[in-house]
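1. Have a look; sequence and predicted model below, questions after that.
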Amino acid sequence: MNKPIDAVQLEEIRDDFPILSQTVHGKPLVYFDNAATSQKPRQVIEALNDYYRRYNANVHRGIHALAERATREYELARQRLAKFIHAPSPETVIFTRGTTESINLVAYAWARTNLKPGDEILISWLEHHSNIIPWYQVAAATGAVIRRIDLTPTGELDLEHLDTLLNVRTKLVAVTHCSNVLGTINPIRQLADAAHKVGALILVDGAQGIPHLAVDVQALDVDYYAFSGHKMLGPTGSGALYGKRSLLEAMPPFMGGGEMIREVTSDGFTCNDLPYKFEAGTPNISESIGLGVAVEYLQNIGLDKIRQHEKEITGYALDRLQELVEIKIYGPLDVEKRGGLVAFTFSDIHPHDLATFFDQEGIAIRAGHHCAMPLHKKLGLTATTRASFYLYNTRDEVDAFIAALHKAKKFFGACSTSRALGF
């Protein structure tokens, strides 16, 4: 097992994130909302600034020096992403604005073209709205049927009954790599093998997976893997879709316009090669370049070390949370099965009130349904409070978080007498 990030390296990492040095309401900032968006290191910020200060130009279309440099940096970012996820070639990595656009690309260009009435799309109760709504829309347009994988009492996928859900009508399995509510890490290769056995494809929502876990799309044997840059130290408006080449080549373009064409005639057009067939118009150039720098930053530290650090922080947070009998934690309690986040309820205090109280303590957490309303309704909840961690978070910050919970208990008068743990 790799050693986690040590104290010296952790301090060096924190120094790379200017935002972490500020105070909020007179208190040192504790940023525990990483599942919503991560903070950005100065290397990424400087890369964005460098693009606009020194070589701002459009890509692929100019032969002057600025355009050629912009194109080189943009394509270098694609190469870095391909290497990061072990894609077979850079051409199988499509730049998008993030996970939502990536999933919609597949929904429009593959699903609406290939699905027919009675075909089935299998999702799970863990899904973010971005991996639900596009399939609802596809079902409405094509007559396909949505089915769901149920959950075990610990908040994991109930795979004992997977064979009863998969059949010859199943055309797509669309699942999250890691739940943004329960933290559950799904066995993607097992799901991919099961899907392929019945002739179905598998799409993975990697928004909460790729920032924290080493991803090898070939070893996982996924057909599509969608992810966002802003959750992995990159800029907002950045992200990508990985797809197997044969699938991408067979799909029609998602949008029409510049760059996605090879030739336009008076009565038609021919598509460009991959990946440009799916990158119509001027792309998010600076954001994609910044994402490439973020990927390099993560690789320099090592995803295995980041994962080990997060397991230590998450495990410590789980232990400290269990000191309060009023806390109910959702999802697996085993850090080997959980990503770096904890969703919970605290007695009868509404999560929004708790988040507001925490803000006054300088602690940023998230409260609400986390864009996973079906899951919350299944749990009988309207909202949960979520603390989510990343490579720059510390045990001292967890202690500050727990101290704020004790203060909130006194402030709100929480008085539950029974411990409630687990899903």
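-> Arrived safely. Residues are numbered from 1 along each chain as shown.
2. what's the least confident helix or strand in the protein, going by average pLDDT?
-> strand 261-264 (a mean of 87; mean pLDDT, DSSP states H and E).
3. which other residues reach the following helix or strand past it?
-> Downstream of strand 261-264, the next assigned helix or strand under DSSP states H and E is strand 269-271. Here strand 269-271 makes contact (Cβ atoms under 8 Å, 6 or more residues apart in numbering) with Pro252, Pro253, Gly256, Met260, Ile261, Arg262, Glu263, Lys277. (Each C-beta comes from the backbone N, C-alpha and C, glycine too.)
4. quick one: which of those residues is most hemmed in?
-> Across the contacts of strand 269-271, neighbour numbers were computed from other Cβ atoms under 10 Å; Lys277 holds the maximum, 22 neighbours.
5. How about the secondary structure of that one?
-> At Lys277, secondary structure determined by DSSP: H, G, I helix; E, B strand; the rest coil is helix.
6. Okay, domains of the chain per the record?
-> Using automatic domain parsing, the domains assigned to the chain come out as 7-31+302-412, 45-300.
7. Quote the end-to-end distance of the shortest one.
-> Looking back up the chat, that one is domain 7-31+302-412. Start-to-end span of domain 7-31+302-412 (Cα to Cα, to the nearest Å) is 36 Å.
8. gap between that domain and the chain center?
-> Averaging C-alpha positions (Cα atoms, centre = their mean, to the nearest Å) puts domain 7-31+302-412 17 Å from its chain's average.
9. Next: the longest one.
-> In terms of Cα atoms, centre = their mean, the centre of domain 45-300 is found 11 Å from the chain centre.
10. gap between the two ends of that domain?
-> Domain 45-300: ends 17 Å apart by Cα to Cα.
11. can you start the count at 296 instead of 1 from here on
-> Okay, residue one is now 296; in that scheme the one you just asked about reads as domain 340-595.
12. hmm, back to that, the least confident helix or strand of the chain - which strands sit beside it in the sheet, and in what orientation?
-> Pairing partners of strand 556-559, with direction, according to DSSP bridges: strand 564-566 (antiparallel).
13. so where's this structure shaky on pLDDT?
-> Scanning the chain for pLDDT under 70 picks out 296-297, 709-718.
14. Recalculate using a threshold of 50.
-> The model of the chain has pLDDT under 50 over residues 296, 710-717.
15. For the stretch 346-495 of the chain, just list every one of the strands.
-> For the stretch 346-495 of the chain, the strands defined by DSSP state E, counting those that start in this stretch occupy 388-391, 415-419, 440-444, 465-471.
16. Please list the outside residues in contact with the last one.
-> Okay, so that is strand 465-471. 398, 406, 409-410, 414-419, 421-423, 426, 430, 439, 442, 444, 452, 461, 481, 483, 486-487, 489-490, 493-500, 502-504.
17. circling back to that earlier point, and the two most separated of the contacts of strand 564-566?
-> The span of the contacts of strand 564-566, defined through Cβ to Cβ, is set by Pro547 and Glu558 at 16.3 Å.
18. And the residue sitting nearest the centre point of the chain, how far from Ile340?
-> The chain has Ala502 as the residue nearest its centroid, 1.2 Å off, counting by Cα atoms, centre = their mean. Noted for Ala502: a distance of 22 Å to Ile340, by Cβ to Cβ, to the nearest Å.
19. Could you pull out the strands in the stretch 596-718 of the chain for me?
-> Applying DSSP E, counting those that start in this stretch to the stretch 596-718 of the chain gives strands spanning 622-625, 636-641, 658-659, 661-663, 679-683.
20. For Lys335, which of those strands is the nearest?
-> strand 658-659 (14.9 Å).
21. same for the closest one, what does it pack against?
-> The contact analysis (3 or more Cβ pairs under 8 Å, 6 or more residues apart in numbering; DSSP states H and E) places strand 658-659 against strand 325-326, helix 690-707.
22. Now do it: everything it contacts.
-> Val319, Lys322, Leu324, Val325, Tyr326, Phe327, Asp328, Phe653, Ala695, Phe696, Ala699.
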